[in-house]
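Asks: Need coordinates for the below:
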Amino acid sequence: MSSSFVPDEANDYIPQNILLTGGAAVEAEQQKNSISSLPARSGFIGSHAAILLAKKYPQYNVVVYDKLDYCSCLANLKEISRLKNFKFVKGDICSPDLVSYVMTEEKIDTVIHFAAQTHVDNSFGNSFNFTQSNILGTHVLLEAAKCHKGIKRFIHVSTDEVYGEGESFETEAMKEEHILEPTNPYAATKAGAEFLVKSYHRSFKLPCIITRGNNVYGPHQFPEKLIPKFTNQLLRGRQVTLHGDGSNTRNFLYVEDVARAFEVILHKAKPGQILNVGGENEISNLDVAKKLIETLGFKEKEKELIAFVPDRKFNDLRYTINSGKLHELGWKEEMPWEEGLATTVEWYKKYTDSFGNIEDALVAHPRIGVAPGAGVTNTDI
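Replies: Predicted coordinates:
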């Protein structure tokens, strides 16, 4: 899916040097523009945003800064690894000296902050890591950006989960002014990070923008999340493990649509704005499971391929957001649900082995990294 967006150079923001956290790496022997040489993995949404920006805008320098955590994946950025305007830095966003060095050395004027711990199940058993990455990591980036002086945009990528649960299916779609009422440790750390971002905008005039997005799916996603997890369970001849009765709904947005949203936000959004990034595909988890079973050709075995397992400690009924402000900037969802799902399934058929050993991600309630030996570690992939 290509992007038809064209920035207005007279009126839009035009970046020069972009630091994108949580994007990814490529194999060391293929990476000619890397500050560090190492085997590679990659982020999910960040990798798609980096690919779009580096390929479409050769005049922009794109620096991807990534810790290479457990959910990173080999060679997600292979297609831009040789581009002269792309560079990878292996680093932890909680490392103030390295973050500051990179901002200065690369003359960064724009930060797009994707890096985060994001899996709700893990946050129930490993919540300190979420506080470290999502709150402290964001604080380090903000302080470095404040001291760097050359930052013209700081785009903080948050989540619709900060709003809390949509209490019923009649609940009105939440707008950006809605109160934040997170219900799980992951969402709480993302809400906490947002308050830090807002404080740096107000106190230090840092030109910050916040986005709050729906559930995203598509190629490159680590198989702990619903769609790639169910797909990989089915590809291995296993039942899908459905939490509770499967009635909880989520709004699923295809990852390339999200990358295009960030292209628009980068150029069109103004400092101080908060923007919802949502689609029109609100679907129950049960219906997602059924559609994946059908897509993979197992419809006649549907009943035997669905296993209902105990629910999470707390599982929000739904999230519903109003993306009218983003639509006004010129973005709209383009990928139809069924086409996006089919494209995603085909990608996992071809590339699921690129994640290495994912067995701990395919259990009903993963707790990756909770204790030594309890799940995939940062060095397993």
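Asks: could you point out the longest helix in the chain?
Replies: helix 185-204 (DSSP state H).
Asks: Buried residues in that helix, which are they?
Replies: 185-194, 196-198, 200-201 (16 or more other Cβ atoms under 10 Å). Placement of C-beta: from N, CA and C, glycine included.
Asks: and if you look at stretch 126-134?
Replies: 126-127, 129-131, 133-134.
Asks: Where do the strands of this structure begin and end?
Replies: Secondary structure of the chain (DSSP state E): strands at 17-21, 61-66, 86-90, 110-113, 153-159, 208-213, 215-217, 240-243, 249-254, 274-277, 282-284, 306-309.
Asks: Reformat these as a markdown table; add mean neighbour count.
Replies: Output for the strands of the chain, formatted as a markdown table (neighbours: other Cβ atoms under 10 Å):
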| stretch | mean neighbour count |
| --- | --- |
| strand 17-21 | 25 |
| strand 61-66 | 28 |
| strand 86-90 | 23 |
| strand 110-113 | 27 |
| strand 153-159 | 25 |
| strand 208-213 | 25 |
| strand 215-217 | 24 |
| strand 240-243 | 21 |
| strand 249-254 | 23 |
| strand 274-277 | 24 |
| strand 282-284 | 17 |
| strand 306-309 | 14 |
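Asks: Turn these into JSON lines, columns for distance to residue 223.
Replies: Below are these laid out as JSON lines (distance: least, Cβ to Cβ, whole Å):
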{"stretch": "strand 17-21", "distance to residue 223": "22"}
{"stretch": "strand 61-66", "distance to residue 223": "19"}
{"stretch": "strand 86-90", "distance to residue 223": "23"}
{"stretch": "strand 110-113", "distance to residue 223": "24"}
{"stretch": "strand 153-159", "distance to residue 223": "19"}
{"stretch": "strand 208-213", "distance to residue 223": "20"}
{"stretch": "strand 215-217", "distance to residue 223": "12"}
{"stretch": "strand 240-243", "distance to residue 223": "12"}
{"stretch": "strand 249-254", "distance to residue 223": "16"}
{"stretch": "strand 274-277", "distance to residue 223": "23"}
{"stretch": "strand 282-284", "distance to residue 223": "19"}
{"stretch": "strand 306-309", "distance to residue 223": "17"}
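Asks: Could you work out which of those reaches nearest to residue 291?
Replies: Taking Cβ to Cβ, strand 282-284 is the member of the strands of the chain nearest to residue 291, at 7.8 Å.
Asks: I'd like to know the average pLDDT value across the closest one.
Replies: For strand 282-284, mean pLDDT rounds to 93.
Asks: Give me the distance between residue 326 and residue 269.
Replies: 9 Å (Cβ to Cβ, to the nearest Å).
Asks: more crowded one of those two?
Replies: Neighbours per residue (other Cβ atoms under 10 Å) separate residue 326 from residue 269, with residue 326 holding more: 25 against 22.
Asks: okay but the more buried one is in contact with residue 273, surely?
Replies: No - at 9.7 Å, residue 326 does not count as touching residue 273 under the criterion of Cβ atoms under 8 Å.
Asks: before we move on, back to that, what about the strands of the chain, which gets the closest to residue 363?
Replies: strand 240-243 (7.5 Å).
Asks: who's in contact with that closest one?
Replies: 229-230, 233-234, 285-286, 289, 292-293, 305-312, 315, 363-364 (Cβ atoms under 8 Å, 6 or more residues apart in numbering).
Asks: same deal with stretch 290-310?
Replies: The contact list for stretch 290-310, computed with Cβ under 8 Å, 6+ apart, reads 227, 230-231, 234-235, 239-246, 283, 286, 289, 338, 341-342, 345, 364-365.
Asks: first vs last residue of that stretch, how far apart are they?
Replies: Counting by Cα to Cα, to the nearest Å, you get 19 Å between the two ends of stretch 290-310.
Asks: Please compute how far that stretch lies from its chain's middle.
Replies: Computed by Cα atoms, centre = their mean, to the nearest Å, the chain-centroid distance of stretch 290-310 equals 27 Å.
Asks: from here on, count from 37
Replies: Okay, residue one is now 37; in that scheme the one you just asked about reads as stretch 326-346.
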